[in-house]
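Student: Structure for the following, please:
(chains A and B)
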Amino acid sequence: MRPSRFGVIVLIGTTLGVPDATAQEALDRALASAEAALRDRELQLADSRYRALLFEAWMTLGELHVVAGRLEPARDAFGHASTSVVEATPAFQSLALVQLQLGQAREAAALLTSLAARNGQDLQTRRLLAQALVAGGAPEEAVQMLEEAHAAAPGDPELAFLLGTGYLHVKKTAAAEEIFARVAAARPLPQTYVLIGRTYRDFGLYDAARAALETALKQDPRTPRAHYYLGTAAVMEEGLLGVDSAMREFREELKLVPNDPAANLKLGMALVETRRTAEALQPLEIATRGAPGSADGWHYLGRCQRALGRPAEALVSLRRALELSQGPRTDPVRLRNLHYQLAVTLRATGATKEAAVHFAEAERASAERSDADRESLAKYLGDAANDSAADEAAASTQPLESRLSALAPAQRADLERRATTAAARAYLNLGIMHAQAQRFARAAELFERAADVDPGFPTVQYSLGVAYFNAQQHEKAVGPLERALAADPANADMQRMLALALLTSEQYERAASFLAADPRRESDPSLMYAYGVALIRSDRAAEAEALFERLLAAHGATPELRVVLGQAHAQQGDYDSAISELQSALTLKPDVAEANATLGLIYLKQGKLPEARTALRAELQAHPADVKAAHTLATVLDLEGEQQEAVAILRSVLVARPGFADARYLLGKMLLAQGVTDEAAEQLEAAARLAPEDANIHYQLAQAYRKQGRTDLADQRFEIYQQLKAKRRTR
Amino acid sequence: MTAFAAARLRRVERFGVTLAALLLAVTSAAAQGPQVSVRELLQQARAQSSAGNSAAALESLRQARALAPNSEEVLSALAQVSLAAHAPLPAITVLEPLTRICPGVAQYQYLLGVALMQAGDLVAAVEALQQAQRLEPDRELTLVALGLALNGRKMYLESEAHLRRSLELQPGNIEAIAALAEAEEGIGNLEEAEVLARRVLASSDAHATASLVLGLVLMKHERYAAARDALLKAVVANPVSPRAHYQLSLAYARLGDQASSEKHLELYRLKLREVEERATAVRNRTGS
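Tutor: Have a look, this model is predicted:
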């Protein structure tokens, strides 16, 4: 574990759901529990548990990114985790830690301030907040916050320790010493002295640091980290002169924990710096295995490999180091050194062109900063910085640690695959639950997330296409359906849906080509109809005509088809044929949709108001949500003098569909006739906004304004009315 | 595409639903179901709420939440029942994470805005309602709530724009007209404010906001007795409004009734303190 300068044990994801379980077990358990709820049709429980699974998956992915040194993806992953569940404190904390690493101290402080305000008892959050405030250049604010917390809980040693660290930040050393003494008295353990020693070391108080660390070793010679910090303190204080002493301490540390990545790294670095590269190789290999996100580890391993005459391996290590060194907090000295090492190694392998690029980069970095290497060495080997706020932030560039760093690379890759799959599966199933509840837009959002996580996840593109299709977002459906079809070209259902999406997106030629190949087209009047429309719109009217004839010949007895044909006849003004088709449809299926509505419209046009009213009422009885039929009925009732019922119908139509311009117009017109002028004007204004090209609306609105005495407005509307009329005549 | 053709095509599209349903293939290992059904607890809560038993409904929902802490449906129901029971703080506690885990749902931002408004945190309420408005523009309920919240912050010009838009979408909405009357009064359009307030009072005699606006306008016209009557109606309709008590105190003072004036001044202070306490409680709860 790497302690930060503010006493925070920077272990990402420590508060994951089940601390004693492996990440894999936690994922498996969350998945099994969610899917059990789904099987039991306990959809709310399944929803909750899939979200918990998402949390586990994103936390795991965030940790894996941290281990690999991929901080921006880590930040995104913890961000996703924080929006997955209600109680997401660990995700927020991890997010803040990564933000600190990325140099986004203010963002981290804002996030943690809000989190701390919600839960004043949460010490971990307060610790992180203190760290963020210091990194953001506000150590006094951090100390004030800690003083308040300490006053509220004076017996809390962790808080007291934090406050002591805060005092060191604002150079109140005596106050810090006093409070550390109280902490040590409350918890007289060797680990407490290690913590105190390390903190003194961080602030350059090396005598005090050594005294505390030696006290720890006196209490227990096997205390972890004491030798390590003594070693780093030696280098920090004396630079290269302290390297031998530091190496002795690191070796002592490794006797206690042989595979400790940090101690191996420091030892390896020191050995490289003292040109004992053969000895350095093994500790550096252990370090990079244990902490693959450490740029220092790869950098020194690369240098070591180059010195040992293994340029190919050196290039891999140095390139990895360079990759990990990119970012907002890049150290120019390290960057210059890395480019130089890469250039020299490349030149040795004969890659002179590429070498030249790195020489140039090294030169550029040199010009930007010419700090003494000795200072850098002390910093890298010492594992700490000076006490300025800027260095505090810079200190954060060292990799965070995670329990997942103990996994072998192959295990981490496997875990990443599993976590990715778990996240995609959770999003997919959450989306399906929304789709089943007819919330297609919500479903599409979740399927999008699943596709972002894993575009190749089984059925994800198909589900996304279906959801967009059903959400009436046909243009958005086209892309996912095309991708799904590419993976499963023989899927006729998918082809069909894509064809219809293309048709609605006005891509008629492509729609026609898919529908032409659809094996079900000849047996499905809907598809034949759609194909006919696609043919007409792609200028293939002759083929369309032939198709409609075939449609009639092959499916004449289908009630739905008779409705379509009746509507087609009605569009061409052939009302007798239309009525005949529609009545046949109703004989075959009395509640077939739109038959009575179309009849009602025809009768209205023919002036047969009682027949129209009867037909429209029948349609609404079978299909009460048909707002167009309701609007037509209101028109009929208005003509019959039944304004009261008509107005009531129109009001409910407008509740269901506020953007229905014709309904607003009719309501406005009727209210105007009834003398309810103000509301009439409002309704007509709304209608005019919805359908600005409808001349009749402007005419009625002008009448309303005239009745209100607003003659200027009335004149304007009349003018618009005249213009629209003229435009229509020209057409 | 013709209207007929479009209608026909919509019907064809419905087969997509069936396809989506087919995707629900669950393959992993079996596990035990819950001892208590969250679904049944939700149904029970709905029945209890319909029967007017909010306390029992809340209890059922709390049990459901304990079992399914991240369920959108449970959280949403809990928020709505809390709001209906005029318990904005519990509603906010639920809506804050709900808007975080479902950031694209305008309804939850709207409910959060309403809850914050109920609790007196108008700054946060405006933010939530503006977010709801961004997510689903031109939703009448949101526009009216935003107008009310902006009125509360004395941002009358902004409020007027939202309220006028809401009335374009839903002409005749009494709440929107009343809020618009308040905005117009705030802007200084006293005549327009009075017309609108009287329009509301013509159909809803005891409307709190309209009565308050009428009282404010009459005070400015120095018609103190009429103002007092309107303001008395306002405090009866909304006894928790500090503003109505304050104006009533002024009206009584102008009419020479010092005792009543003092009484309402005291009530004003009390109500103001209550509002501030509620807002503080909200901020402590949400960390804002």
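
Student: In chain A, which helix is the longest?
Tutor: helix A:409-436 (DSSP state H).

Student: Can you name the element that comes right after that helix?
Tutor: helix A:440-453 (DSSP states H and E).

Student: Tell me which residues are up against that following helix.
Tutor: Applying C-beta atoms under 8 Å, 6 or more residues apart in numbering or on different chains, the external contacts of helix A:440-453 come out as A:420, A:423-425, A:427-428, A:430-432, A:434-435, A:457, A:460-461, A:463-464, A:467-468, A:470-473, A:476, A:480, B:20, B:104-105. C-beta: built from backbone N, CA, C; applies to glycine.

Student: Can you select the buried ones among the residues you listed for me in PyMOL?
Tutor: Paste this into PyMOL to select the buried members of the contacts of helix A:440-453, with burial taken from 16 or more other C-beta atoms under 10 Å in any protein chain shown:
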select buried, (chain A and resi 420+423+424+425+427+428+430+431+432+434+435+457+460+461+463+464+467+468+470+471+473+476+480) or (chain B and resi 20+105)
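
Student: In this structure A:His698 contacts A:Ala714, no?
Tutor: No - the pair A:His698 / A:Ala714 is not scored as a contact, 10.3 Å apart, by C-beta atoms under 8 Å.

Student: In the stretch 101-250 of chain B, which residue sits closest to chain A?
Tutor: Relative to chain A, the nearest point of the stretch 101-250 of chain B is B:Pro171 (3.5 Å; C-beta to the nearest C-beta).

Student: Looks to me like that residue is in a strand.
Tutor: No - with DSSP: H, G, I helix; E, B strand; the rest coil as the criterion, B:Pro171 is coil rather than part of a strand.

Student: OK, contacts around the residue nearest to it when sequence neighbours are not counted?
Tutor: Leaving aside its chain neighbours, B:Pro171 sits nearest to A:Glu682 (3.5 Å; criterion: C-beta to C-beta, 6 or more residues apart in numbering or on different chains). Contact analysis of A:Glu682 by C-beta under 8 Å, 6+ apart lists A:668, B:167-168, B:171-172.

Student: Show the subsequent helix or strand relative to the helix or strand that contains A:Phe180.
Tutor: Counting by DSSP H and E, the element that carries A:Phe180 is helix A:173-186. Moving toward the C-terminus from helix A:173-186, the next helix or strand (DSSP H and E) is helix A:190-202.

Student: How many residues are close by A:Arg70?
Tutor: Neighbour count of A:Arg70, defined by other C-beta atoms under 10 Å in any protein chain shown: 19.

Student: try B:Val240
Tutor: When neighbours are defined as other C-beta under 10 Å, B:Val240 has 17 of them.

Student: Just say helix, strand or coil for it.
Tutor: At B:Val240, secondary structure determined by three-state DSSP is coil.

Student: Could you pull out the buried residues of the helix ranked longest in chain B?
Tutor: The longest helix of chain B (DSSP H) is helix B:258-286. For helix B:258-286, burial by neighbour count (16+ other C-beta under 10 Å) applies to B:260-261, B:264-265, B:267-268, B:271, B:275, B:278-279, B:281-283, B:285-286.

Student: Now name the helix or strand holding B:Leu201.
Tutor: Going by DSSP H and E, B:Leu201 is in helix B:190-203.

Student: Just give the nearest non-adjacent residue to the most centrally placed residue in chain B, would you?
Tutor: Geometric centre of chain B, nearest residue: B:Val114, 3.3 Å, by C-alpha atoms, centre = their mean. Excluding the flanking residues, the one nearest B:Val114 by C-beta to C-beta, 6+ apart is B:Ala145, at 5.7 Å.
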